[in-house]
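> Okay, sequence plus prediction incoming.
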Amino acid sequence: MADYNQYTRWENQMHKAKLPRWDDLPKFDLYMDQVTALINDILGPLGIDTITPAMINNYVKHHVILAPVKKKYQTMQLTDILMISLLKPMFQTDTVRSGIDQITAGDYPKQAYDNFIGQLEDRLHHLGEEQVQPAAKDLNEKLMQVAVDAVVARLQSEKLLHLIKRPLRKIEKSK
C-alpha cells in the first residue's frame with residue numbers, strides 16, 4: 001500500500017509539472033555547460049535521465065541537431081535537445097529527428113514545439129483520470145499525440161517499475 005501511495009504522490013507531482021514554452025527559453029545563446037544545466041533543470045523533475053555534453057556533441061556529430069555557432073546554442077537547438085531527451089528512450093535519434101522534421105514541415109518550429117509541450121503538460125496534469133483525446137485532424141497531429149502518449153507511458157512505467165522493484169532471489173545452482 002505504501003508503494004501505491006508513493007505512486008499517487010508522484011502522479012500529483014506530475015499534475016503540477018511545468019514545462020517551458022518557446023518564449024520561456026533564454027533569448028540569448030548559451031554555451032554547452034549552460035545548455036546541459038538548463039535542460040537537466042527542466043527535465044529532472046520528470047525523472048528524465050540527465051543529458052551530458054558528450055550526448056549533445058554526438059547529436060551534432062550525427063546531424064540530429066544543428067551545430068552551435070561559435071560554441072553557442074540557440075533556442076531552436078534547445079527545443080530539439082528537449083524533444084530528443086523526452087523521446088530518445090523510445091525511439092532512435094534519427095527517428096526522433098525525422099518526426100521533428102515532419103511536424104515542423106507543416107507548422108512553424110515554435111508552434112510545433114509549443115503544441116507538443118502543451119499536449120504533454122496537459123496529459124501529465126490529468127494523469128490517473130480518464131481522458132478522451134480529440135480526433136486528430138491530420139497525420140502530423142496524430143504523430144504528435146502518439147509521441148506524447150509514448151512519453152507519458154514511459155514516465156509512468158519507469159516510476160511503477162522503480163516502486164515495485166524487489167530484490168530477486170538468487171536461484172541456487174543444481175549440484
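Arrived safely, thanks for sending. Numbering: from 1, shown residues only.

> Is residue 20 in contact with residue 41, as I believe?
No: at 9.9 Å, residue 20 and residue 41 do not qualify as touching, with contact defined as Cβ atoms under 8 Å. Using the backbone N, CA and C atoms, a C-beta is placed for each residue, glycine as well.

> Neighbour count for these two, which is higher?
Comparing residue 20 with residue 41 by other Cβ atoms under 10 Å, the one with more neighbours is residue 20, at 17 against 10.

> Look at the more buried one and give its secondary structure.
coil (DSSP: H, G, I helix; E, B strand; the rest coil).

> What separation is there between it and residue 43?
Distance, residue 20 to residue 43, by Cβ to Cβ, to the nearest Å: 11 Å.

> now residue 103
Applying Cβ to Cβ to residue 103 and residue 43 gives a distance of 20 Å.

> Phi, psi for residue 69 please.
Dihedral pair for residue 69: phi -100, psi 120, per degrees, to the nearest 10.

> er, residue 62 I mean
Dihedral angles (degrees, to the nearest 10) for residue 62: phi -90, psi 10.

> Compute the number of surrounding residues for it.
So residue 62, with other Cβ under 10 Å, has 11 neighbours.

> Skipping adjacent residues, who's closest to it in space?
Nearest residue to residue 62, sequence neighbours excluded (Cβ to Cβ, 6 or more residues apart in numbering): residue 93, at 6.8 Å.

> Would you agree that neighbour is in contact with residue 60?
No: shown here, residue 93 and residue 60 do not form a contact pair, counting by Cβ under 8 Å, at 11.4 Å.

> Remind me what the helix of greatest length in the chain packs against, helices and strands.
Secondary structure assigned by DSSP state H gives helix 139-164 as the longest helix of the chain. Here helix 139-164 touches helix 2-15, helix 75-87, helix 93-105, helix 109-125, going by 3 or more Cβ pairs under 8 Å, 6 or more residues apart in numbering; DSSP states H and E.

> tell me the contacts of residue 132?
Not one residue lies near residue 132 by Cβ atoms under 8 Å, 6 or more residues apart in numbering.

> Below-threshold pLDDT in the chain: ranges please.
1-2, 166-175 (pLDDT under 70).

> Of the helices and strands packed on helix 139-164, which is nearest residue 37?
Evaluated over these, closeness to residue 37 peaks at helix 75-87, with 11.7 Å, by Cβ to Cβ.

> My guess is residue 121 contacts residue 16. True?
No: contact criterion Cβ under 8 Å: residue 121 and residue 16 do not qualify, at 10.1 Å.

> So those two - more neighbours on which side?
Neighbour count, other Cβ under 10 Å: between residue 121 and residue 16, residue 121 has more, with 16 against 9.

> For the residue nearest the centre of the chain, give its distance to residue 71.
Central residue of the chain (Cα atoms, centre = their mean): residue 86, 1.9 Å from the mean position. From residue 86 over to residue 71 the distance is 25 Å, taken as Cβ to Cβ.

> Good, wrapping up.
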